[in-house]
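*Asks:* Quick one: sequence plus predicted model below, questions after.
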Amino acid sequence: MEIAAIYCRFPHQDLGSIAVVDTPGIGDFVSGADDRLVAMIGKSLDSIAFVRMPESIGALIKPEDTALHSVVTRAIPDLAIKEWSYFIINKNLSNEGNNLNQIPRFQKLLQDSAIRTKETLLVDCSDPSDVAQALDRLLTDIAGNLASLDKHLLERQGQGIKALASSIAAFAEKAASTLPKAVVVAPSLALLDELFGTVWINVGAKLQQLVNTYRQQRDEPDGDFSNAVNVVFAKLASGANLPSTEIIAKEAGGQGLMMWHADKLHELRVNISNSFEELNSCLDASFAQLRNDLLGAFTAEDGGMLGRLDRPVGKDEWQDLLDRWEGHQDGETVRRAIQTLRSASLSFRGFIQPRVRECIDVLDSDSEAAKDFAYIPGDSAVEVKNKLEAAWSNACFNCRSAIDEMATEPSMARFAAAEDFRDAVLHTGGEGHAKTVWRLFYHENRGDVWPKQFQQLEADTRIRKEWDNAVRLLTDATGSLSVAV
Amino acid sequence: MSETATINISMVGPRGVGKTSLLAAMYNELDVELSKIGCNLALGAGTTTKNITGRLNELKKAATSSGIKVQADEGIPNTGALIEYKFDLDIGDGGAPEVTLRFMDMPGAWYTGEGSRKDLEDADRTLGESHVSFLAVDATALMEAPSKQSGGIGKYHDHFNNPEAIRQAYKRALNHFGDGHLVVITLIRAETYVKSGRIGELYKRLREAYGDLASCLRKNGEQIPVFGCYVETVGSLVFNSFIEKGGAVMSEFRRIPGKGYTPSRCAIPLRLAVAKGLMEAVSHAGKKVEQKDTFLNNIADWFGISTELTEARKKLERTYGVFQEIKGRLNDDDFIDLSK
């Protein structure tokens, strides 16, 4: 058995939970037990009371006593043991083993030994009232002492962390200045200007062409969307798929036709609403195509040529661009534009559902619109079926009308997204400013885009960038450490 | 000279749009109204009685049958020829009818420009020579499933109301129009919009869809008056959906529980034609009084002896009284003027 937990009441319950741990004596230690003791004291205990019963004849401070004291000292090395430990001398007043005569001698020997505690108490451990009194004394002292001990401990540990942070900061500073500053090579800049000039024109033309295409389609119903809508409504046109009137009468046998009608109305509403979820994939595909088209303007060989960037296999191209723009001068504008484009979408929930919700009110028995289709006492199974079919037919028609009205909206949304993106990446801050920002981006990636002309330079630049990044991370971490301390 | 004033009325509108239903509902409501003032509106024998009473029964049945769904039928099969219906109005004096309302149901081929040249010209002349034309327009087709492309006009408007073919037919007939022709565009199946308080929107769509027709109806610099109104031929049927199946489109209506056969406003367009007929009948009666206004008849009349002059004067007085009664029921608010 390693640990036995005994729950009992202690005085000073106002202090909260008090746990008294009876550790093994020094001689009881098996191999490694002293390390576990140190760990337990360090993590769980606030104070230690050494208990020792002097012998009745020739009492001594034994090597085990000092050894135990040494072990406990290791538990909280940043705090002197004399600040948080107590020594209880167990006096034996019984006829057998009475040690009262030996107590002064033992106290003198204890004082002369290496054992240092905050206080020494003389207690008859066989007398509950004496023990209670001693415990009361200990707890009072611990309660008064605990806050100042914690503060002292934190200060001691903080000093260590500060010293560590200083060392790391000094290292980071040294690391930052290890590599020489980048050297601008005039001939390569002239070449870059020439190559980038062509790329800039091509990207602009391609984006403009795309925006023009989407503008032309803006007021046209989106073909894919219309086709998907047709497919959904072709399924809905097959009807409410209600069972035969005989089966209706049978199913309604227990609960009655009124409940059957109400349940079915609810079921039909859910069915019709869910059927539009199929449009999500079409809406997703529509925006995926837009993103692909816009990406093409940057990656095409006759466009931005960024398809040449060295990208980890499987990594999303937009994500790669986002990462490359991170920390780049004025890169936030481009990053925001990319993030906006990536998150642009139309969904059934956001785009269609609010508009069709009202149209399916006829399938909601609580709605005024469903009044004409409501069950009237005395309705037969045939009438119930007719009403549900009429409600279904009305809901489908109204949904179709509402969705047809928004048939051009996916085209409009795509055009808006394309135009916004084009403006954000090519015109923010004026075209001249945007061009400068992109020129710097191409400068950094010139080794990938134009390997023949810039590969060695690019390699150096990339290593430098990675090194700078690592140093920056180290500096940031040191700063955080100092703030925490 | 015949003592009966005849008013020729063209019933215009594609097959299945509801012309016969409109005619039956107009007759049914005005007959009740006229009988309360001692007049009798009788259906002509043969086709008129058969088709009008048959359609009236169908309308009542549609309103009162069990079940919620009602599908619009395709109307009376198109024979390619004009179908004539006659209503005779007797003001209750026991003599010959004072007014005959002669309705001509224009053949389907006339709208599409098909058929022989002679048939087309006959139909054009019939419309041109009529005093009034009722153009029946399906309100649900005009209003439901509006599309942005058509400026908010219903997706099936062209399919059911065929407005362009109607416009072309009117343009062809324009040269035959005499003075005083009146076009009344009657929105049928308007119950849905009365119930939902959307009559303003219905009239707006009517103006948008038929503004072109009204503006092309000018002859010798004079605008032919074009009025619009709406009727509820059944009262208890509201639009439910359009159902497309195998390339065909069908209108589906639903019954409002417990409302039954409750037509409304159906007499409104017909009052215009009746008032026109009665005005002519008053003129006839006045001429008759002039004819019989001899010295001897006046002497006899003075002595209290009934003569032809006495009878002519009574007829004039009665006819004028009925005319005033009908005229008093023509309310400006019941129409919108599309020619303005």
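*Replies:* Looks like it came in fine. The model shown is predicted, which means the values in this text are computed figures rather than measured ones.
*Asks:* Next SSE downstream of the strand or helix carrying A:Asn386?
*Replies:* Using DSSP states H and E, A:Asn386 sits within helix A:381-405. Next helix or strand after helix A:381-405 toward the C-terminus (DSSP H and E): helix A:409-427.
*Asks:* related to what we said a few turns ago, the helix holding A:Asn386 packs against which elements?
*Replies:* The contact analysis (3 or more CB pairs under 8 Å, 6 or more residues apart in numbering or on different chains; DSSP states H and E) places helix A:381-405 against helix A:223-237, helix A:245-251, helix A:257-275, helix A:353-357, strand B:69-71, strand B:237-245, strand B:248-255. Glycine gets a C-beta too; all of them are placed from N, C-alpha and C.
*Asks:* looking at those, which one has the lowest mean pLDDT?
*Replies:* Mean pLDDT is lowest for strand B:69-71 among these, at a mean of 80.
*Asks:* and it, what other elements does it pack with?
*Replies:* Against strand B:69-71 (3+ CB pairs under 8 Å, 6+ apart) you get helix A:381-405, strand B:237-245, strand B:248-255.
*Asks:* got any ranges where chain B has weak pLDDT?
*Replies:* By pLDDT under 70, the low-scoring segments of chain B are B:1-2, B:73-80.
*Asks:* Name the residues of it found near chain A, please.
*Replies:* Within reach of chain A by CB under 8 Å from any CB of the partner chain, chain B has these residues: B:66-69, B:144-148, B:155, B:238, B:240-245, B:252, B:254-257.
*Asks:* Write a PyMOL command that selects only the buried members of those.
*Replies:* In PyMOL, this line selects whichever of the residues of chain B next to chain A come out buried by 16 or more other CB atoms under 10 Å in any protein chain shown:
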select buried, chain B and resi 68+69+144+145+146+147+155+238+240+241+242+252+254+255+256
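*Asks:* My read is that A:Asp130 contacts A:Val123, right?
*Replies:* Yes. Counting by CB atoms under 8 Å, A:Asp130 touches A:Val123, with 5.4 Å between them.
*Asks:* Now do the contacts for the residue of the stretch 151-300 of chain A found nearest chain B.
*Replies:* Nearest residue of the stretch 151-300 of chain A to chain B: A:Ala237, at 7.3 Å (CB to the nearest CB). Applying CB atoms under 8 Å, 6 or more residues apart in numbering or on different chains to A:Ala237 gives the contacts A:Cys396, B:Ile243, B:Glu244, B:Lys245.
*Asks:* okay, those residues in CSV with distance to A:Asp141 next?
*Replies:* As requested, these are arranged in CSV below (distance: CB to CB, whole Å):
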residue, distance to A:Asp141
A:Cys396, 83
B:Ile243, 92
B:Glu244, 92
B:Lys245, 95
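*Asks:* Next, please give the residue ranges for the strands of the stretch 101-250 of chain B.
*Replies:* B:132-138, B:182-188, B:218-219, B:222-223, B:226-230, B:237-245, B:248-255 (DSSP state E, counting those that start in this stretch).
*Asks:* what's around B:Lys276, how many residues?
*Replies:* Neighbours of B:Lys276 under the rule other CB atoms under 10 Å in any protein chain shown: 21.
*Asks:* Need the phi and psi values for it.
*Replies:* phi -60, psi -40 (degrees, to the nearest 10).
*Asks:* next one: A:Pro77
*Replies:* Dihedral pair for A:Pro77: phi -60, psi -20, per degrees, to the nearest 10.
*Asks:* what's around it, how many residues?
*Replies:* Applying other CB under 10 Å, we find 11 residues neighbouring A:Pro77.
*Asks:* With the one 4 residues further on instead?
*Replies:* Other residues near A:Ile81 come to 19 when the count uses other CB under 10 Å.
*Asks:* that older thread, between A:Asp130 and A:Val123, which has more neighbouring residues?
*Replies:* Set A:Asp130 next to A:Val123 and count neighbours by other CB under 10 Å: A:Val123 wins out with 20 against 16.
*Asks:* Contacts only, for that one.
*Replies:* A:Ile88, A:Ile89, A:Asn90, A:Lys91, A:Asp130, A:Val131, A:Gln133, A:Ala134.
*Asks:* Please, a PyMOL command that selects the buried ones among the residues you listed?
*Replies:* Here is the PyMOL command that picks out the buried ones among those, judged by 16+ other CB under 10 Å:
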select buried, chain A and resi 88+89+90+91+130+134
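*Asks:* Any chance of the contacts of A:Val123 in TSV with distance to A:Asn241 and pLDDT as columns?
*Replies:* Conversion of the contacts of A:Val123 to TSV gives the following (distance: CB to CB, whole Å; pLDDT from 0 to 100):
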residue	distance to A:Asn241	pLDDT
A:Ile88	86	93
A:Ile89	92	93
A:Asn90	89	92
A:Lys91	93	91
A:Asp130	88	90
A:Val131	83	88
A:Gln133	86	87
A:Ala134	85	88
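*Asks:* Just the contacts of A:Val123: which are in strands?
*Replies:* Per DSSP state E, strands hold the following members of the contacts of A:Val123: A:Ile88, A:Ile89, A:Asn90.
*Asks:* Now do the residue positioned nearest the centre of chain B against chain A, distance only.
*Replies:* Centrality entry for chain B: nearest residue to the mean C-alpha point is B:Phe134, 4.6 Å, by CA atoms, centre = their mean. Computed with CB to the nearest CB, to the nearest Å, the distance linking B:Phe134 and chain A is 29 Å.
*Asks:* and of the contacts of A:Ala237, the nearest to B:Phe323?
*Replies:* Using CB to CB, B:Ile243 is the member of the contacts of A:Ala237 that sits closest to B:Phe323, with 46.5 Å.
*Asks:* Give the closest residue to the closest one in space, chain neighbours not counted.
*Replies:* Once flanking residues are discounted, B:Ile243 sits nearest to B:Met250: 4.9 Å by CB to CB, 6 or more residues apart in numbering or on different chains.
*Asks:* residues contacting residue 218?
*Replies:* By default, I'm working from chain A. By CB under 8 Å, 6+ apart, A:Arg218 lies in contact with A:Thr408, A:Ser411, A:Met412, A:Phe415.
*Asks:* sorry, should have said chain B
*Replies:* Contacts of B:Arg218 were listed using CB under 8 Å, 6+ apart, and they are B:Ile224.
*Asks:* go on, A:Ile403?
*Replies:* A:Ile403 touches A:Val229, A:Phe276, A:Ile352, A:Arg355, A:Val356, counting by CB under 8 Å, 6+ apart.
*Asks:* what's the first one in contact with, if anything?
*Replies:* Spelled out, that is A:Val229. Contacts of A:Val229 (CB under 8 Å, 6+ apart): A:Leu279, A:Arg400, A:Ile403, A:Asp404, A:Ala407.
*Asks:* Thank you kindly, that will do.
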